[in-house]
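A.B. asks: coordinates only, sequence not included:
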Ligand SMILES: Cc1ncc(COP(=O)(O)O)c(C=O)c1O
């Protein structure tokens, strides 16, 4: 629980790993970084390995059943996504989900790209709409988050995901899946890994939520034919990535500690996810797409809170101890105006909070909504 001036408070904006998880990581990371530097020596302290530390690329290649040459490991998921966008022809059309990771929208726009939102359903993308956009527009790429989507928490069904891939492939559209939440499923099941073929899909991922944001490591899996061009962009953007971190991650995975840590995270976050699902079902039925099964986020759209009440609602919630914000930045630009007519959209995160605070915060939010009606 956060405590603002001695008053109970919870901040649903902070999409960060739990503090206790990072505390648990401290001795493992200390040992792992030491092992990385003593084992690999000057190799991780010198320039080199532009496309990522070779032992890490080898491990990731094995994990995804691809030639390690097709892996580029960098300093976080956002860095590799940004380098991808940088490699596209300027001002191209990119399809995204109607709501997506807000920084992806900002970053793509920085390169002049035009983002086109396609509706999400509780089991993935609206396939008819996807086809329609691709039929009518010249689309260069599609970017989606198929597991525990940010910000809706939606999971694509395997059938939906495969249908998206087929449409992209048949129409020469690059299909990019951001799989950074794939290992973070808390309901006791495992997500079915995505099969990568010669053509794609392109995968991007990150160890930010599965290890730590501070260590900053992410990677992409590309078709072989794109590696040369991407290597030039990498070399002209950041030279080599943080090599001691990549050495640590190799050590962490090979020692078996990573698998055990993921298991610990899933057990830690499960009751928190259950608390959020329960609290939302109790207080805001019908205001969120579906119960979530993992990841970091869910989101609600509050029909009664129209644009003119938005500021008042957010301020009243803040004064009552609940930190939230409007999630308009996460909505595809072409759909923002329409979406705004349906009431305030709020992204909620939960892994960093204990169950009692999650329930308290959501109930409080309901009281604030009732007060304003
Ligand atoms: C879908 C998605 N992709 C990428 C990232 C960014 O990862 P990184 O911190 O490794 O840049 C995030 C972080 O929240 C995310 O939600």
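C.D. replies: Everything's here; your move. This is a predicted model, so every value here is computed, not measured.
A.B. asks: every contact and neighbour count from this point should use C-alpha atoms.
C.D. replies: Will do.
A.B. asks: which element follows the lowest-mean-pLDDT helix or strand in the chain toward the C-terminus?
C.D. replies: In the chain, the helix or strand scored least confidently by mean pLDDT, DSSP states H and E is strand 2-4, which has a mean of 61. Per DSSP states H and E, the first helix or strand lying C-terminal to strand 2-4 is strand 7-11.
A.B. asks: partners of that next one, with directions?
C.D. replies: strand 2-4 (antiparallel), strand 322-323 (parallel) (DSSP bridges).
A.B. asks: separation between residue 81 and residue 178?
C.D. replies: 9 Å (C-alpha to C-alpha, to the nearest Å).
A.B. asks: find residues that contact each of these two.
C.D. replies: residue 204 (C-alpha atoms under 8 Å, 6 or more residues apart in numbering).
A.B. asks: neighbour-wise, which of these two wins?
C.D. replies: residue 81 (25 against 22; other C-alpha atoms under 10 Å).
A.B. asks: these two touch, right, the more buried one and residue 204?
C.D. replies: Yes: between residue 81 and residue 204 there is a contact under C-alpha atoms under 8 Å: 7.0 Å.
A.B. asks: okay, and the beta partners of residue 346?
C.D. replies: The partner residues for residue 346, given DSSP bridges, come to residue 300, residue 326.
A.B. asks: residues touching it, list them.
C.D. replies: 299, 300, 301, 324, 325, 326, 327.
A.B. asks: residue 20: which of the residues you listed is nearest?
C.D. replies: residue 324 (22.7 Å; C-alpha to C-alpha).
A.B. asks: what sits against that closest one?
C.D. replies: 11, 12, 13, 314, 317, 318, 346, 347, 348.
A.B. asks: try it again with 10 Å
C.D. replies: 10-14, 313-315, 317-318, 346-349, 365 (C-alpha atoms under 10 Å, 6 or more residues apart in numbering).
A.B. asks: so for these, which is the shakiest by pLDDT?
C.D. replies: Lowest pLDDT of the contacts of residue 324: residue 14, 83.
A.B. asks: from residue 35, how far off is the nearest residue to that residue once chain neighbours are set aside?
C.D. replies: Nearest residue to residue 14, sequence neighbours excluded (C-alpha to C-alpha, 6 or more residues apart in numbering): residue 349, at 6.6 Å. Residue 349 sits 34 Å away from residue 35, going by C-alpha to C-alpha.
A.B. asks: what score does residue 48 have for pLDDT?
C.D. replies: 88.
A.B. asks: having no further points to raise, I will conclude here.
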